[in-house]
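1. Sequence and predicted structure below; questions after.
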Amino acid sequence: MDFTPTDGQTAARDLAARIFTDLSTPERLAAAGAGTDAELWKALGEAGLIAAVEDVGLLGLVLLLEEQGRTTAQVPFAVSCVYGLLALGRHGTEEQRARLLPALGDGSAVATGAFPEGGAVRADALRGGGAVRAGGDGRLTGTTGWVPWLRDATHVLVPDSDRSLWLVRVADAETVPVETTAPWSAAVLRLDGTPAERIGSGGAYRDVLAAARVAFAGLQAGVCAGSLARAVAHTSVREQFGRPLSTRQAVQLRAADAHMDTEAIRVTAYEAAWRFDEGLSCAAQALTAGWWASEAGRRVVHTGQHLHGGVGADLDHPVHRHFLWGRQIDAHLGCGARLLDELGALLAGRERVRCEGRGERAAHEEKETTA
């Protein structure tokens with residue numbers, strides 16, 4: 001296991017850091033509102049950073065998303081790369097890749113994913129009319145939950161009730177705007193016999209779901225690092241009783257805990273991304289990264305806001321964006337308790353299979369001994 005970035009991943013990360021820092025100023029972020037910063041998105045496309053995800057892999061994407069999270073840059077980078085470039089690159093046909101990837105790579109097309117909250121297509125959602133069903137003619141019917149960046153997307157990846165993946169042109173469907181904690185141009189997708197094209201086969205759903213969890217964990221690592229950096233800068237100059245706040249032990253301990261939480265998010269995301277790129281099983285590692293991003297991420301952004309004192313409650317202060325993004329990523333990942341429940345079920349299932357295997361071998365050996 002080696003998380004050391006390659007030369008290409010390092011170069012892409014450094015370039016992304018420069019672009020995000022230069023163009024994601026507080027003034028530009030405020031002006032972008034809930035939508036995409038078109039100039040920044042264009043700059044990323046012209047620099048080749050969107051298309052580069054096909055070459056640098058999921059670990060490289062995590063490094064790029066960390067840089068986005070530090071500045072809460074207002075672009076649909078995570079969703080378009082995970083649900084578009086990586087999904088089509090791994091599961092699209094040769095014709096689909098040739099037709100769709102160039103536009104996604106230069107940013108003229110944007111993809112997102114209508115994966116339900118928590119990443120699980122639930123049977124009760126189907127009974128309630130909330131799941132998407134596919135007809136024999138390749139048309140979809142149903143309503144999804146809220147989808148991040150859907151209002152700015154050209155394509156959306158939709159799992160049906162059988163966990164098959166379909167790509168839908170947003171222009172062919174109805175979208176209903178939804179306001180979320182973070183300004184992600186979210187909307188609900190309504191499908192009524194909407195044409196779609198199948199992407200991949202049976203294993204594509206879990207593969208894309210794992211990649212999405214890891215990518216958003218990487219984004220959360222950057223959001224937390226940015227929040228903590230702002231808190232350190234603030235407490236280093238803000239004085240109380242003649243001394244900087246950063247010299248107070250309580251402040252130091254709180255910041256140290258936040259730093260350790262941020263590192264835990266980062267290292268678990270790196271491990272899961274590395275296994276994904278190497279073609280190893282990574283479902284448990286992706287859930288672990290998601291759990292850390294959800295639970296620890298929430299703690300860190302709260303710490304960042306609290307260490308700013310009353311300033312942290314100012315809705316126009318930059319640290320408040322980190323707070324909103326951290327809480328939104330927590331919700332988008334499905335929240336810690338739900339992820340932990342899924343991880344427990346996954347590990348228990350593996351243990352049951354191992355026990356059954358040992359039981360079968362023991363019975364076989366006993367039978368041979370008796371014979």
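-> Received it, and whenever you're ready, just let me know what you need. On a predicted model such as this, the values are computed, not experimentally measured, just so you know.

2. Quick one: low-confidence residue ranges for the stretch 251-371 of the chain.
-> The model of the stretch 251-371 of the chain has pLDDT under 70 over residues 351, 354, 357-364, 366-371.

3. What segments of it are strands?
-> Using DSSP state E, counting those that start in this stretch, no strands are found in the stretch 251-371 of the chain.

4. Tell me where it has helices.
-> Remark: helices assigned in the stretch 251-371 of the chain by DSSP state H, counting those that start in this stretch are 283-306, 318-333, 336-370.

5. For the second one, list the C-alpha coordinates in PDB.
-> Included here for helix 318-333 are C-alpha records, laid out as PDB according to Å, rounded to 0.1, in the frame of the first residue of the first chain:
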ATOM      1  CA  PRO A 318     -15.900  32.700   4.800                       C
ATOM      2  CA  VAL A 319     -15.700  30.200   7.600                       C
ATOM      3  CA  HIS A 320     -19.500  29.900   7.400                       C
ATOM      4  CA  ARG A 321     -19.300  28.400   3.900                       C
ATOM      5  CA  HIS A 322     -17.000  25.700   5.300                       C
ATOM      6  CA  PHE A 323     -19.600  25.000   8.000                       C
ATOM      7  CA  LEU A 324     -22.400  24.700   5.400                       C
ATOM      8  CA  TRP A 325     -20.400  22.500   3.100                       C
ATOM      9  CA  GLY A 326     -19.300  20.200   5.900                       C
ATOM     10  CA  ARG A 327     -22.900  19.700   7.100                       C
ATOM     11  CA  GLN A 328     -24.100  19.200   3.500                       C
ATOM     12  CA  ILE A 329     -21.500  16.600   2.800                       C
ATOM     13  CA  ASP A 330     -22.400  14.800   6.000                       C
ATOM     14  CA  ALA A 331     -26.000  14.700   4.900                       C
ATOM     15  CA  HIS A 332     -25.100  13.700   1.300                       C
ATOM     16  CA  LEU A 333     -23.100  10.800   2.500                       C
END
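
6. where does that helix sit relative to the chain's centre, distance-wise?
-> Here helix 318-333 is found 12 Å from its chain centre; the criterion is C-alpha atoms, centre = their mean, to the nearest Å.

7. where's the closest residue in space to Arg298 that isn't next to it in sequence relative to Val267, distance?
-> Residue nearest to Arg298 in three dimensions, not counting chain neighbours: Asp330, with 4.9 Å by C-beta to C-beta, 6 or more residues apart in numbering. Placement of C-beta: from N, CA and C, glycine included. Per C-beta to C-beta, to the nearest Å, Asp330 is found 19 Å from Val267.

8. go on, Thr71?
-> Thr71 sits 22 Å away from Val267, going by C-beta to C-beta.

9. neighbour-wise, which of the two wins?
-> The residue with more neighbours, out of Thr71 and Val267, is Thr71; 25 against 14, by other C-beta atoms under 10 Å.

10. so who does that one touch?
-> Thr71 sits next to Phe20, Thr21, Ser24, Leu29, Gly226 when contact means C-beta atoms under 8 Å, 6 or more residues apart in numbering.

11. how close does the residue nearest to His155 when sequence neighbours are not counted sit to Cys81?
-> In this structure, His155 finds its nearest non-sequential neighbour in Ala111, 4.6 Å apart by C-beta to C-beta, 6+ apart. Ala111 is 8 Å from Cys81, where distance means C-beta to C-beta.

12. So which of these two has more stuff around it?
-> Shown here are Ala111 and Cys81; by other C-beta under 10 Å, Cys81 has more neighbours (29 against 26).

13. That one belongs to a helix?
-> Yes - with DSSP: H, G, I helix; E, B strand; the rest coil as the criterion, Cys81 is assigned to a helix.

14. Against Asp207, how distant is it?
-> 14 Å.

15. repeat for Ala264
-> According to C-beta to C-beta, Ala264 stands 25 Å off from Asp207.

16. between those two, which one's more packed in?
-> Regarding Ala264 and Asp207, a neighbour count based on other C-beta under 10 Å identifies Ala264 as having more, with 21 against 18.

17. Quick check: can you list the domain ranges of the protein?
-> With domains defined by the TED database, the chain comprises 7-77+92-108, 113-201, 205-352.

18. Could I get the ones you listed in TSV, plus columns for distance to Leu85?
-> Converted to TSV, the domains of the chain look like this (distance: least, C-beta to C-beta, whole Å):
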stretch	distance to Leu85
domain 7-77+92-108	5
domain 113-201	11
domain 205-352	10
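
19. Spatially central residue in the protein, please.
-> Centroid check for the chain by C-alpha atoms, centre = their mean gives Phe216 as the closest residue, at 2.1 Å.

20. which element is it on?
-> Element membership for Phe216 (DSSP states H and E) is helix 204-237.

21. what angle do that helix and helix 283-306 make?
-> Interaxial angle, helix 204-237 versus helix 283-306 (axes from the mean of the first three to the mean of the last three C-alpha atoms, to 10 degrees): 30 degrees.

22. How far off centre is helix 204-237?
-> Remark: helix 204-237 is offset 9 Å from the chain centroid, using C-alpha atoms, centre = their mean.

23. What residues of it count as buried?
-> Under the neighbour-count criterion of 16 or more other C-beta atoms under 10 Å, helix 204-237 has 204-205, 207-228, 230-232, 234-235 buried.

24. just stretch 96-107 next, same as before
-> For stretch 96-107, by 16+ other C-beta under 10 Å, it's Gln96, Arg97, Leu100, Leu101, Ala103, Leu104, Gly105, Gly107.
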